[in-house]
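**Q** Model the structure of this input:
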Amino acid sequence: MFAALALTILASSAALFANADPDPTNPGPGDVFIEGQACSMSWNPDTTGVWKTMIIQLKTGDNFDMVNLTTVGTVDGTDATKTSFSYPCPQVTPHSPIYFYQFSSPASANSVWTGRFTITDSVTDIVPATESTQSDGSAIPWGTGSLVNSTSTTTVGTTSVSATASAIGKPSATSSVSNASNNASLTGSRTDSPSSIV
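**A** You can find the predicted model right below:
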């Protein structure tokens, strides 16, 4: 009887501390997308119902000073039947593995990220990341890119999202999280920083 009660309490405690944030599954290191063609991403959904509004932003920069390039879409992060999204890849510079997506929700204090990937005009036109380590010394290559056009517009369903370069070239206030000291190189996604495989 005591064992059954202890097991019930343990299972209840684990459920309270389970991370229910969406879990990005791609893109990641080694993935290459061509400008004007489909940029795609996928994730495991939030199972608690908190992330009904999930904002997807294309970002660049290091793990601590992320730069928002544009918002590419807003989706229901709890819908297990819709766990992917694609949009036309924007023109960027440089063509380097320095881009990543941040998923956030106004209903959650956490953000999650994909790994870094490349956007280019041709698979033969890829340059290495300009930086080899993060500011904390982690060996995670990065760089800072930008959109080529001063205005980038992405149509999401029947909603058009427009972002001007002067407004999106600054670090995003939503990119910091409470666990920023736990940044590390990852092979998957985390709730504290984008990642890259060296």
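**Q** Show the end-to-end separation of stretch 85-101, please.
**A** End-to-end span of stretch 85-101 (Cα to Cα, to the nearest Å): 12 Å.
**Q** Just name whatever secondary elements the lengthiest strand in the chain is in contact with.
**A** Looking across the chain with DSSP state E, the single longest strand is strand 66-75. On a contact count with 3 or more Cβ pairs under 8 Å, 6 or more residues apart in numbering; DSSP states H and E, strand 66-75 meets strand 54-61, strand 84-88, strand 99-104, strand 146-147, strand 151-156, strand 159-164, helix 165-168. The C-beta positions use only the backbone N, C-alpha and C, and glycine is treated the same way.
**Q** Hmm, residue 38 is touching residue 90, no?
**A** No - with contact defined as Cβ atoms under 8 Å, residue 38 does not count as touching residue 90 (12.0 Å).
**Q** higher neighbour count, the two?
**A** Of the pair residue 38 and residue 90, residue 90 is the one with more neighbours under other Cβ atoms under 10 Å, namely 22 against 10.
**Q** dump the residue contacts of that one.
**A** Residue 90 makes contact with 35, 39, 58, 69-70, 119, 147-149, 152, 154, according to Cβ atoms under 8 Å, 6 or more residues apart in numbering.
**Q** That one and residue 58, how far apart?
**A** 7 Å (Cβ to Cβ, to the nearest Å).
**Q** Residue 142: neighbour count?
**A** Residue 142: 27 surrounding residues under other Cβ under 10 Å.
**Q** mind listing what residue 34 touches?
**A** Per Cβ under 8 Å, 6+ apart, neighbours of residue 34: 89, 119-123.
**Q** If you rank these by neighbours, which is first?
**A** The most crowded member of the contacts of residue 34, judged by other Cβ under 10 Å, is residue 119 (28 neighbours).
**Q** does that one have beta-bridge partners, and which?
**A** Beta bridges link residue 119 to residue 33, judged by DSSP bridges.
**Q** That one and residue 92 touch, don't they?
**A** Yes - judged on Cβ under 8 Å, residue 119 makes contact with residue 92 at a distance of 4.9 Å.
**Q** Can you work out which residues contact both of the two?
**A** Common neighbours of residue 119 and residue 92, counting by Cβ under 8 Å, 6+ apart, are 35, 99, 145.
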